[in-house]
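K.L.:
Got a predicted model here, sequence first, then my questions.
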Amino acid sequence: MMNPLLENAMQHWNMVAPAIECPKNEEDYLLLIDNIRDAIKLVENRPNSHLTGLIDAMAVAAQQYEKSKIDSLNAEGVSALKYLMKLHDIKQSDLREVGSQGVVSEILNGKRSLTLRHVRALSKKFNVSPSVFIER
C-alpha cells in the first residue's frame, strides 16, 4: 500500500513539476523568476506557509540555470560580472560593496581590475563561486 502523502503528490506532480524544472532558456528563466516573486508575495509574513518548500525548489532551479550560464562563460571575470548584473537587473550604483559608481564603471570598462576584496563581495552578493570573477 502506497503512502497517502506520496500518492497525493504523484497525482498533482504534472501540475507542480513545470514550476520547479530548470529553465531551458532565458524566457523560461524570467518566467520562473516572476513566479518566485509572486509566490514570495503570497507567503509574506507567513514563514510557515506550505509554499515555502515550493519557493525553495523554484530557487534551486533558478540557481541551476544561472550556474549553467555562468559556467558557459569562458571569459574574464568582468564579463561574468556584466552578465550577472544584466541577469539580476543590477545597476552600477547597486554595487556599493565594490565601491563608488566611478570605481564600478572603471572595472566594467577595463580601466581597473577586480581586487580580492571585490571578488569576495561579488561572490557573496550573487551567491556564486569566487572563481567566476577570476580573470582567465
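P.N.:
In hand now; what should we look at?
K.L.:
residue ranges of the helices in the chain, please?
P.N.:
4-20, 26-43, 51-71, 77-87, 101-108, 116-126 (DSSP state H).
K.L.:
can you redo those helices as JSON lines with mean neighbour count?
P.N.:
C-beta here means a position set from N, CA and C on the backbone, and glycine is covered the same way. Converted to JSON lines, these look like this (neighbours: other CB atoms under 10 Å):
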{"stretch": "helix 4-20", "mean neighbour count": "11"}
{"stretch": "helix 26-43", "mean neighbour count": "14"}
{"stretch": "helix 51-71", "mean neighbour count": "16"}
{"stretch": "helix 77-87", "mean neighbour count": "18"}
{"stretch": "helix 101-108", "mean neighbour count": "16"}
{"stretch": "helix 116-126", "mean neighbour count": "16"}
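K.L.:
Which one, of those, ends up nearest to Ile134?
P.N.:
helix 77-87 (5.6 Å; CB to CB).
K.L.:
Take the helices of the chain and write them to JSON lines, including distance to Phe133 and mean pLDDT.
P.N.:
Below are those laid out as JSON lines (distance: least, CB to CB, whole Å; pLDDT from 0 to 100):
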{"stretch": "helix 4-20", "distance to Phe133": "29", "mean pLDDT": "87"}
{"stretch": "helix 26-43", "distance to Phe133": "21", "mean pLDDT": "92"}
{"stretch": "helix 51-71", "distance to Phe133": "10", "mean pLDDT": "87"}
{"stretch": "helix 77-87", "distance to Phe133": "4", "mean pLDDT": "88"}
{"stretch": "helix 101-108", "distance to Phe133": "10", "mean pLDDT": "92"}
{"stretch": "helix 116-126", "distance to Phe133": "5", "mean pLDDT": "92"}
